[in-house]
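Q: Take this sequence and fold it.
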Amino acid sequence: MAENRTSRDAAIRKRRWAPASLLPDPTPEQGYVFRWVRMSTMNQADPMNVSAKLREGWEPVKASAHPEIQLAAIENDKHRDNIVIGGLMLCKIPTEMAEDRDAYYRTQAENQMHAVDNTFMRENDPRMPLFAEKKSKVTFGNGT
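A: Numbers count the residues shown, from 1 in each chain. Take a look at the predicted model:
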């Protein structure tokens, strides 16, 4: 009853052409999150943004750490060892710090929503009560 089967590894598929990604994804590293940080826009340097991201804990990624990302010549001598594409520099941050950052901004957004709700409900009148429903419903055609 044993059939003669070939494994999937033996069946090699023809590689198809696909357009190159403008910003390639680096190979994931255990314990780090990656992000492209803006260094310039329309050839205007943005040192304030880079400085802010470095103070937040983002670290520039060295080109030698990710040889899978092929680079063209980098015109900026200061960041020659880093991965810079189109005015964006690849940076990484420890996962714990990224989660702390996400939690901080999530709390900020929740506080803003509570402030909006409080301001909205301040106008409540028993003769015409207000409802703060936070859900939406999508219907198509005949309501199904």
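
Q: what sits against the spatially closest residue to residue 81 that is not a sequence neighbour?
A: Leaving aside its sequence neighbours, residue 81 sits nearest to residue 62 (Cβ to Cβ, 6 or more residues apart in numbering; 5.4 Å). All C-beta atoms are positioned from the backbone trio N, CA, C, and that covers glycine. Counting by Cβ atoms under 8 Å, 6 or more residues apart in numbering, residue 62 touches 81, 82, 83.

Q: Number of residues surrounding the second one?
A: Around residue 82 there are 19 other residues, counting by other Cβ atoms under 10 Å.

Q: so who does residue 95 touch?
A: Each residue near residue 95 by Cβ under 8 Å, 6+ apart is listed here: 31, 32, 33.

Q: what would the contacts of residue 62 look like in CSV with secondary structure?
A: Compiled in CSV, the contacts of residue 62 are given as follows (DSSP: H, G, I helix; E, B strand; the rest coil):
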residue, secondary structure
81, coil
82, strand
83, coil
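
Q: Which single one of those is nearest to residue 25?
A: Of all the contacts of residue 62, residue 83 has the smallest distance to residue 25: 11.7 Å, by Cβ to Cβ.

Q: Just the pLDDT for the closest residue in space to that closest one that isn't next to it in sequence.
A: Using Cβ to Cβ, 6+ apart and skipping the chain neighbours, the partner closest in space to residue 83 is residue 90 (4.1 Å). In this model, residue 90 is scored at 95, pLDDT.

Q: Repeat that for residue 144.
A: As predicted, residue 144 sits at a pLDDT of 56.
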